[in-house]
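Enquirer: Structure, please.
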Amino acid sequence: MKTMNPWAKALLLLASGALFTTGCSSSDNDDASGGNGGSNKFKLTVTLTAPSGYETSDLPAMSVTAVNADKELTYTEELAAGESSVIFEVSSGQYRITATGQYSNTISFTGSAQADVFADQSATIALAEVNESPLVFKEIYSTSSPAYSITDTYFEIVNNSDKVQYLDGLIVASVTPLTTATNPWETVFPLYPVYGVAAAFPGSGTEHPLQPGESIVVANDATDWTAKQGADLSGADWEVYIPNVSIPSADVDYDAANLTIIFNENTQRQLNPGFMKGAFLLAKLPDGITPEAYASDSENYMVEPNTTKTQRNLMIPSSYLLDAVEIWDATETEQAQLLMSQDDSGKAYVNGFSGKCIRRKVTKIENGRAYYQDTNNSSNDFLTDQPLTPGQQPTQVD
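Expert: Predicted coordinates:
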């Protein structure tokens, strides 16, 4: 789940395949009139436009997918290199359409659009250029356990590149899920609001190297949670220790190194968007700007648009992101899209308080080192409902 800045990660092709559906047939019982027999089909014509600086002839092979979440219908078509248009035959309804393709080893094209299809309809996807990201989320445990431990959660960051990367100054934050099916923050895109905790790795630039293929575990509470159906985080590399918070309980400073808390105006106890949904962000500020200076600048804050709310939100531009992962509640059919498709064109589904995590897929293992899939689409890149394996190195591809 990447961004458009030079750090961003190249998308790979979406998994190819013919038309498929989940839960019901795309050709049998999806009649728009609600009849028992037959179905109403309409043509959905999707046109792709090349990113700035490219021509249509430059387009690589593209995978185009149209999803109707309400009817649990998914349609996928593959375009050959240089092709820019595809026609779907779909049932009526509202569709989110995404397109991805690999332009080179380090550059991919991606984009998305919405379409309300109740007659023959057309949609245009303006593709964006996305570049390679060296640091990505390897594993995210945000659901907590069936024991409702709350602060037993963690995330793991891996150096997916072939060069040493430095953690110094990296910001980790989350976007809180919404209770509505529409996102009021879309009006200020490409800025993202941080409502809960934002934390940064300390260091002046080269104090905390991460070697190629290595990862670090960041725990909310770096202690052993196995007795409460969680993971043993007593060996975590880093911890989100939040002083001066007493609700629901005071934070405990365990042995792991502490991240620097740069934002926590609403006194959250942990760095976690929500146990059922939300989004995780990994950001790198421009040279010369420290996380502390950025968080102290009042110009970098906003309140929710078109409301009477007064709670300030630290805003992070899309262009600063190295990685972004959107997480949705597997039990809900309508949820607000929190991220732009250039940062994550999909989402990973979780079940709250399941004691399970999402883990990025392994594409290959060379000389004992795992390489992880990063197509800017969490629907494709992550395995869901996975056992907790913080710090463990995979031994086989997925």
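Enquirer: Make sure Glu186 is indeed in a helix.
Expert: Yes. Counting by DSSP: H, G, I helix; E, B strand; the rest coil, one finds Glu186 located in a helix.
Enquirer: Tell me the pLDDT of it.
Expert: Model confidence at Glu186, expressed as pLDDT, equals 95.
Enquirer: Let's verify Ala295: helix, strand, or coil?
Expert: helix.
Enquirer: Was I right to think it contacts Phe263?
Expert: Yes. Assessed by Cβ atoms under 8 Å, Ala295 is found in contact with Phe263 at 5.1 Å. C-beta coordinates here come from the backbone N, C-alpha and C atoms, glycine included.
Enquirer: So between these two, which is more surrounded?
Expert: Comparing Ala295 with Phe263 by other Cβ atoms under 10 Å, the one with more neighbours is Phe263, at 25 against 20.
Enquirer: which residue packs closest to that one, ignoring adjacent ones?
Expert: Computed as Cβ to Cβ, 6 or more residues apart in numbering, the closest residue to Phe263 that is not its neighbour in sequence is Ala198, at 3.9 Å.
Enquirer: What count of nearby residues applies to the one you found?
Expert: By the other Cβ under 10 Å criterion, the neighbourhood of Ala198 contains 27 residues.
Enquirer: list the residues that contact both of Ala295 and Phe263?
Expert: Any residue near both Ala295 and Phe263 by Cβ atoms under 8 Å, 6 or more residues apart in numbering counts here, and that gives 198, 314.
Enquirer: what residues go with each domain of the protein?
Expert: Structurally, the chain divides into domains by automatic domain parsing as follows: 20-131, 135-386.
Enquirer: Adding distance to Asp398, write these out as JSON lines.
Expert: Below are the domains of the chain laid out as JSON lines (distance: least, Cβ to Cβ, whole Å):
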{"stretch": "domain 20-131", "distance to Asp398": "19"}
{"stretch": "domain 135-386", "distance to Asp398": "4"}
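Enquirer: hey, least reliable of those domains by pLDDT?
Expert: Taking the mean pLDDT of the domains of the chain, domain 20-131 comes last: a mean of 82.
Enquirer: Show me the helices in the stretch 251-398 of the chain, by range?
Expert: According to DSSP state H, counting those that start in this stretch, the stretch 251-398 of the chain carries its helices in the segments 291-296, 378-381.
Enquirer: Pick the most buried one from the ones you listed.
Expert: Each of the helices of the stretch 251-398 of the chain was scored by mean neighbour count; the highest is helix 378-381, a mean of 24, by mean count of other Cβ atoms under 10 Å.
Enquirer: Look up how far Ala200 lies from the residue positioned nearest the centre of the chain.
Expert: Centroid-nearest residue in the chain: Val325, 1.4 Å away (criterion: Cα atoms, centre = their mean). Using Cβ to Cβ, to the nearest Å, Val325 is found at 18 Å from Ala200.
Enquirer: And Val245, by the same measure?
Expert: The span separating Val245 from Ala200 equals 18 Å under the rule Cβ to Cβ.
Enquirer: what about those two, which has more around it?
Expert: More neighbours surround Ala200 than the other of Val245 and Ala200, with 24 against 17 (other Cβ under 10 Å).
Enquirer: so what's the closest residue to Asp329 other than its chain neighbours up against?
Expert: Distances taken as Cβ to Cβ, 6+ apart place Met276 nearest to Asp329, at 4.0 Å, with adjacent residues excluded. For Met276, the set of contacting residues under the criterion of Cβ under 8 Å, 6+ apart consists of 143, 177, 329, 331-332, 350-352.
Enquirer: Just the ones of those residues in strands?
Expert: Residues from these lying in strands, with DSSP state E as the criterion: 329, 350.
Enquirer: Could you pick out the buried ones from the contacts of Met276?
Expert: Of all these considered here, the ones buried according to neighbour count by 16 or more other Cβ atoms under 10 Å are 143, 177, 329, 350.
Enquirer: between those, which is closest to Leu73?
Expert: Among the buried ones among the contacts of Met276, Asp329 lies closest to Leu73 (Cβ to Cβ), at 19.7 Å.
Enquirer: surely that closest one meets Gln335?
Expert: Yes. Taking contact to mean Cβ under 8 Å, the distance of 6.6 Å between Asp329 and Gln335 places them in contact.
Enquirer: Overlap in contacts, these two.
Expert: Common neighbours of Asp329 and Gln335, using Cβ under 8 Å, 6+ apart, are 177, 277.
Enquirer: picking up where we left off before, any chance of the contacts of Met276 in a markdown table with distance to Ala256 as columns?
Expert: Listed next are those as a markdown table, based on distance: Cβ to Cβ, whole Å:
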| residue | distance to Ala256 |
| --- | --- |
| Thr143 | 21 |
| Pro177 | 27 |
| Asp329 | 29 |
| Thr331 | 33 |
| Glu332 | 34 |
| Val350 | 24 |
| Asn351 | 28 |
| Gly352 | 25 |
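Enquirer: Closest to Tyr241 out of the contacts of Met276?
Expert: If you rank the contacts of Met276 by distance to Tyr241 using Cβ to Cβ, Thr143 comes first, at 21.6 Å.
Enquirer: Test my guess that that closest one contacts Asn351.
Expert: Yes. With contact defined as Cβ under 8 Å, Thr143 counts as touching Asn351 (6.6 Å).
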